[in-house]
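> quick one, structure for this:
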Amino acid sequence: MGTQSDDKSWQKDFLNMKSHSPADAKLLMGGVKGLKDAWRLGVLHVEYERLRKIKEQQ
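Residues are numbered from 1 along each chain as shown. Predicted coordinates:
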């Protein structure tokens, strides 16, 4: 398992990859407050992994 700082490193990287809605940016910076936030963060992580893979292939 990673540490808390390791868990947030992808979030900081993803914030710099593209523009986000204010709600998504707040979630990425502030963390999860409930089940809905956890679900949305999971969706954002999948998008991050997809974009990172595309970026690495270029």
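> host element of the spatially most central residue of the chain?
Note on the chain: the residue nearest the mean C-alpha position is Q11, at 3.9 Å, using CA atoms, centre = their mean. If you go by DSSP states H and E, Q11 is part of helix 4-17.
> which parts of that helix are buried?
10-11, 14 (16 or more other CB atoms under 10 Å). Using the backbone N, CA and C atoms, a C-beta is placed for each residue, glycine as well.
> can you get me a residue count around L28?
By other CB atoms under 10 Å, the residues close to L28 number 21.
> which non-adjacent residue is nearest it?
Q11 (4.4 Å; CB to CB, 6 or more residues apart in numbering).
> measure that neighbour to Q57 for me?
22 Å (CB to CB, to the nearest Å).
> and if you look at Y48?
15 Å.
> repeat that for A38.
A38 is 29 Å from Q57, by CB to CB.
> give me the more crowded residue out of these two.
A38 (12 against 6).
> which ones are touching that one?
V32 (CB atoms under 8 Å, 6 or more residues apart in numbering).
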